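S.K.: take this sequence and fold it.
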Amino acid sequence: MPVLSVIVPFHNVGKYLGPCLDSLAAQRLRDFEAICVDDGSRDGGAAVVEARAAADGRIRLIRQENLGVGQARNAGVRQASGRYLAFVDGDDTVPPAGFQRLVASLESTGSDLACGNVMRLHRNLLIPSWAHKEAFAEPAERTHITRHRLLIRDRMLWNKVYRRSFWDGLGLSFPDRMYEDQPVAMAAHVGANAVDVLHKVVYHWRQRDEPGSSITQRRLEPDNLRDRLLSVLETAALLDAGAPRLRPEFDRDTMEIDMGVAVEAIARLGAAAGDDLVDLCVRYLDGVPRAVLRDLPFAHRLLVHLLHQRRLDELASTFAQVRDGRLQPRISSAGMLRKRWYGRHPALPGRLSEVSQELGLTARLVELEWRDGVLCGAGRAGMGRFDVGELGPMRVSVWLEERRTGDRLPLSEESASPVWDSVEVPDGGCVPEHGFPFRFAFDPAALSRGRLARLGHWDLRVRLKGPGLRLEGRVRGDRRLPPVVPPPRRRAGVWLVPVLGFRGAWGLRLRKAAALVGECRMDGGDLVITGELADPGDGEPVVRLVRRSDGEEMYFPVTLAGRDFRARVPLAGIDESVGEESWWEVVIDQGQAIRTLVRARDLPPADVTGRNFLVDRSDDGCLLLLER
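M.R.: I've put the predicted structure just below:
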């Protein structure tokens, strides 16, 4: 009898099965069996398993018609003989210590199940899974979902090991539909006497590239949505019966994720959605408390309310408004001593309209440039996608604040009335925006010698102040939209670098520079970089590209002529983007990294063999290459 039985259902994932099974063969826990269940594959996946099984007696294959992943898992469980059970999807992988960690925890504590942290696997890049990050931030032994409530998000099956006697005692099995793992995973959490939570990563969840290749990528299809809603309803009923205090947390999570999908799908499908899908949505929403609805962002709250009321034509038109940035509900207030704020929309009743906790400052720049040695800017401050016309004039203050010390440099303070403007959006087109205009001017002479010597990072901040309202925050922007980041200027040997950070916040960085980039230009498919080194040294420097997401590095030669350098980066040869975008920082390597400072005014976009690159500055003025 093996210690662990691993059930691996698969259907048309042949290109991923090899890495999956290789990851199982490499487990530090050697005493296991892998039961691979072919759910009617047509792509040769069974041959991959047979080849691995011939070389490793722990791997075996069973076959069935295409009955679905739930029935495949049930078939695997019936064949399993281990003291513990685990499940792995055929397109995912398990890190070498994954099962060893989970089984060792159960052996030590006697808990019914152990669960661990997860990374998303995209091509060869691993990134934290947002669904698991908070729940697995800290380890815990012999806990329970009623005490560790963030486990309500741990609805997947495969980052766990279950004690087989516990599994059989609960009579767990999988329903015959998609999203079959959620009710089973939640039933195990609720039914367990004790659960171990591991902070360390035990599973790699693949994000597949092919469009429509996974259940989640087909989430807007009617059959997919129907199965999702049935699993939501089954899980809700399970919690009502066994852990009613968890229902609010479940509802908040479900309203954000599953109802977000339902709103989009039914808004897009229209009449093709069918009454049965709407009935399932309404059946779930009938049991959601008003307090949970009020916690939703206003736009999503409105859409969910329209769905709940079966006002499908209004749902479709309002969804289009939200998608295009055209939903602009009017803000108004009530109360004297403690004002409360409401977003007004004719379709939303007053009891669901409060937005007091949702209001936050949004501020962007529309201009930023050096004029006669002074950095001059203009922008607009508002409250997101709300119409602020009823608020009247407000005081708008702008300042620079040093991040480390909190030192402030006031730039402007004035009264402003809200105005409408048409604002560009990154993907093209314009949307209306209501906000309070502001202007400011920063004179470098305001920086004393002490401030210059600190070489600090100063954030650009704005405050809106009016009767019963005070909001402040950083000024943010998008690299794809104006204004262009101005070049650096020097004062008393220190470079003043206007910056737009990786997370979109504007500021000013004070720094020294051992390498200046004077020009960036495209020559065919190559990015040509020229500049000057403060000290060329005795070695042979190279240009080093460092990808921020995973530290991947690429090197390119540098030609020196005295202190002047020149480098050529063939963009077609750079590793392809992983995910939606890849950020590469460009440094000069002389045995140690020298962060460049970009003085060039024109930073060219580049299209090379179907790939789109943007040359930019990082949050300290270093040369940056971004691929989207």
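
S.K.: ok, which stretches of the stretch 151-300 of the chain are helices?
M.R.: With DSSP state H, counting those that start in this stretch, the ranges of helices along the stretch 151-300 of the chain come out as 164-170, 181-191, 222-242, 247-256, 258-269, 275-285, 290-294, 298-308.

S.K.: which stretches of the stretch 251-400 of the chain have low pLDDT?
M.R.: Within the stretch 251-400 of the chain, the ranges that satisfy pLDDT under 70 run 336-337.

S.K.: thought Val388 was touching Trp420?
M.R.: No: using Cβ atoms under 8 Å, Val388 makes no contact with Trp420, being 10.2 Å away. (Each C-beta comes from the backbone N, C-alpha and C, glycine too.)

S.K.: shared neighbours, those two?
M.R.: Taking Cβ atoms under 8 Å, 6 or more residues apart in numbering as the criterion, Val388 and Trp420 both touch His434.

S.K.: TSV for the helices of the stretch 151-300 of the chain, including mean neighbour count and distance to His457?
M.R.: Shown next, in TSV, are the helices of the stretch 151-300 of the chain (neighbours: other Cβ atoms under 10 Å; distance: least, Cβ to Cβ, whole Å):
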stretch	mean neighbour count	distance to His457
helix 164-170	15	52
helix 181-191	22	44
helix 222-242	19	44
helix 247-256	19	33
helix 258-269	20	36
helix 275-285	16	46
helix 290-294	15	38
helix 298-308	22	34
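
S.K.: could I get these in a markdown table, plus columns for distance to Pro604?
M.R.: Output for these, formatted as a markdown table (distance: least, Cβ to Cβ, whole Å):
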| stretch | distance to Pro604 |
| --- | --- |
| helix 164-170 | 59 |
| helix 181-191 | 48 |
| helix 222-242 | 43 |
| helix 247-256 | 40 |
| helix 258-269 | 37 |
| helix 275-285 | 49 |
| helix 290-294 | 49 |
| helix 298-308 | 37 |
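
S.K.: who has more neighbours out of Val388 and Trp420?
M.R.: Each of Val388 and Trp420 has its neighbours counted (other Cβ atoms under 10 Å); Val388 has more, 25 against 12.

S.K.: excluding sequence neighbours, find me the nearest residue to the more buried one.
M.R.: Spatial nearest neighbour of Val388, excluding adjacent residues (Cβ to Cβ, 6 or more residues apart in numbering): Pro418 at 4.7 Å.

S.K.: ok, His148 next?
M.R.: Ala140 (5.9 Å).

S.K.: need the phi and psi values for that neighbour.
M.R.: Note on Ala140: its backbone torsions stand at phi -160, psi 140 [degrees, to the nearest 10].

S.K.: sorry, back to before: tell me the phi and psi of the residue nearest to Val388?
M.R.: Here is the backbone geometry of Pro418 (degrees, to the nearest 10): phi -70, psi 140.

S.K.: for Cys430, see how far away it is.
M.R.: Per Cβ to Cβ, to the nearest Å, Pro418 is found 18 Å from Cys430.

S.K.: neighbour count: these two, which is higher?
M.R.: Pro418 (21 against 11).

S.K.: wait, isn't the more buried one in contact with Glu390?
M.R.: No: using Cβ under 8 Å, Pro418 is not in contact with Glu390, being 9.1 Å away.
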